[in-house]
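Q: Sequence first, then the predicted structure, then my questions.
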Amino acid sequence: MTEAGLNNPFVDAQGLDVPAEMASISKAVTGAYLSSGGNAFSTRTASQIVQQHFPPAPSTRGLESGPLFGVQFSQLPCSDLSSRFLSAGGASAFIGPKRSPLGLAADPGGLPLYKNGVVVGAIGVMGDGDYGFDPNILDVDNDAEEAIAFAGTQGFAAADAIRADRITVDGTTLRFSDITTANIGPLATNFAAINGSAGSLIAVRGYANAAIIAGTPYGTEASGIRAARAAEFANSDAFILTDGAGNPRFPIRAGTDGASVTQPLSAAEVRAILEEAFTVLTRARAQIRRPLDSRMQATISVVDTHGQVLGIVRSPDAPIFGTDVSLQKARTAMFFSNPNAGANLLAAGGGVAPFVQAMRTFLNDPQALTGNFAYGNRSVGNLARPYFPDGELGRPPGPLSRPIEDFNPFAVGLQVQLVAGNIIQHAQFVAGASATDTAQRCTSLPDAAAGQNRLQNGIQIFPGGVPIYRGGVLVGGIGVSGDGIDQDDMVAFLGLNNGGQRVGSVGNAAADRRADRVVVNVGNAQVRLRYVSCPFAPFLDTNTQNVCEGL
């Protein structure tokens, strides 16, 4: 990564010289982690769903942003959830979901790999030095990186029926690959014959030794994700993260924030929220999964007001990316609803502080970010788009975004400013320019308590998270990520409601405190923020409609 990135207060990865090994790993992680047994997504798919208009093309300007706008800043190298490869021993540290050098990639050249209908990994290729995205889906690209990756999937390719180009979102068919078998010539099958002459294996600091190794079967203890035992989680077919030695990494527990909250979440309350949200999940219809009318698959996370994980549970075939993202969502909803949010951001470095005044000016509310309103992830996303309202040309940027003339998917505003220093430090470590890797903690926010940072894996700015309240007091957050953003919203919001009713002590924010009561004056219009948006008829076992209405 070029030195220019170090002194720029608003960091932008677009146009920087990204080392090929970092970019190729990021592409491979993207292809593997966005995919599942019911959907095969590529980095070309990612490019389509993270841009400021969906679908991205010159003729579609004026449409809303991609449904996973912001997901590129997940799986960050600083994430406290993602495990790390340690080349000199410490193999257990490599258990469970992995980090990515640059987050998720939007540059074509990353494709998932399958065996017997099960996603088992991915291939990522980087060679042209241009780590970018595809701004126009109306043409067909002849991309050499994607062609090489496509060749590598032969014998391990995703079934046609589950590829992204068989899945629609809001009436738009997604993209999988612009390369077909007709674009590639005869394939060499003997790598040993060319290894060392046409190319060779290399070590990548912090990621791999120069060796080919076998994969670890998903669902086994060694993979770090396995079926939950009855004592760990009551719902059938629940999966949890483990340490590889039989112990849950994130067992259900009580809140750790007694110094900030008079009555923190109890373990029984956390269990009720997770179990009821998981029950909603098992009944919900997936949006981005084949065959149609498949049940939703997702990950659910609960945190306290210090950002500490109080429990994580996932369904069997939930995409891996949703593990880190669900935690980002839980922390984001909690953080922006927190009385300390403004003060924490003002104390952070890296160009973060100006976003506080931008938010207060934009909302005409000098008390914004002091806990006066409860923000869902959808609310935060409204304020983090380069147009407000989302997608409408000629409108101003949201206060957490960059202006459209200074915007691209690698430079979105507050989301990247919070973690830019971590990404640059990590890039220097991988390249050998620094002996020190980024800490396993994102953002330079001050600690909520010793060793506890409210945003230790960054923020997320697409829907699927809400804050948790005890009466009028914030006590935590819940985040959900998996098969569709409206479904994620519903599982978080309705699951918290049902869990709260079960224990009778916690629940969603009172209606008059939610961010959808905030009205913003934008020129000749008044625009209300959104809190959550639940699907109209979401369940597989009933035709009940408007399931979130009145809650």
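A: Ah, there it is. Treat the numbers as computed from the prediction; the structure is a model and nothing was measured. Residues are numbered from 1 along each chain as shown.
Q: what helices or strands is whichever helix in the chain runs longest leaning on?
A: In the chain, with assignment by DSSP state H, the single longest helix is helix 485-503. Where contact means 3 or more Cβ pairs under 8 Å, 6 or more residues apart in numbering; DSSP states H and E, helix 485-503 is packed against helix 267-283, strand 298-303, helix 321-336, strand 465-470, strand 473-482. Every residue, glycine included, has its C-beta placed from N, CA and C.
Q: Residue 56 - that's part of a helix, no?
A: No: assigned with DSSP: H, G, I helix; E, B strand; the rest coil, residue 56 falls outside any helix and is coil.
Q: How confident was the prediction at it?
A: Predicted confidence (pLDDT) at residue 56: the value is 95.
Q: Please apply the same query to residue 333.
A: At residue 333, the pLDDT value in this model is 98.
Q: Please tell me how far the closest residue in space to it that isn't next to it in sequence sits from residue 330.
A: Sequence neighbours aside, residue 465 is the residue nearest to residue 333 in space, at 3.8 Å (criterion: Cβ to Cβ, 6 or more residues apart in numbering). Taking Cβ to Cβ, to the nearest Å as the measure, residue 465 falls 5 Å from residue 330.
Q: any weak-confidence spans in the stretch 1-150 of the chain?
A: By pLDDT under 70, the weakly predicted segments of the stretch 1-150 of the chain are 1-17, 86-93.
Q: Return the residues in contact with residue 353.
A: 345-347 (Cβ atoms under 8 Å, 6 or more residues apart in numbering).
Q: Any of these buried? List them.
A: residue 345 (16 or more other Cβ atoms under 10 Å).
Q: and the contacts of residue 353 as JSON lines, adding secondary structure?
A: Compiled in JSON lines, the contacts of residue 353 are given as follows (three-state DSSP):
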{"residue": "345", "secondary structure": "helix"}
{"residue": "346", "secondary structure": "helix"}
{"residue": "347", "secondary structure": "helix"}
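Q: Could you let me know which of the contacts of residue 353 ends up closest to residue 25?
A: Minimum distance to residue 25 across those is 30.8 Å, recorded for residue 345 (Cβ to Cβ).
Q: quick one: contacts for the residue nearest the centre of the chain?
A: Nearest to the mean C-alpha position of the chain, counting by Cα atoms, centre = their mean, stands residue 325 at 3.3 Å. Residue 325 makes contact with 71, 74, 299, 460, 464, 479, 481, according to Cβ under 8 Å, 6+ apart.
Q: returning to what we had before: what about the residue nearest to residue 333, distance to residue 103?
A: According to Cβ to Cβ, residue 465 stands 18 Å off from residue 103.
Q: which one of these two has more residues nearby?
A: Ranked by neighbour count (other Cβ atoms under 10 Å), residue 465 and residue 103 place residue 465 first, with 36 against 25.
Q: isn't the more buried one right next to residue 485, touching?
A: No: using Cβ atoms under 8 Å, residue 465 makes no contact with residue 485, being 10.6 Å away.
Q: quick one, what contacts residue 175?
A: Applying Cβ under 8 Å, 6+ apart, the residues contacting residue 175 are 42, 44-45, 47-48, 137, 164-165.
Q: With residue 124 instead?
A: 23-31, 43, 105, 109-110, 149.
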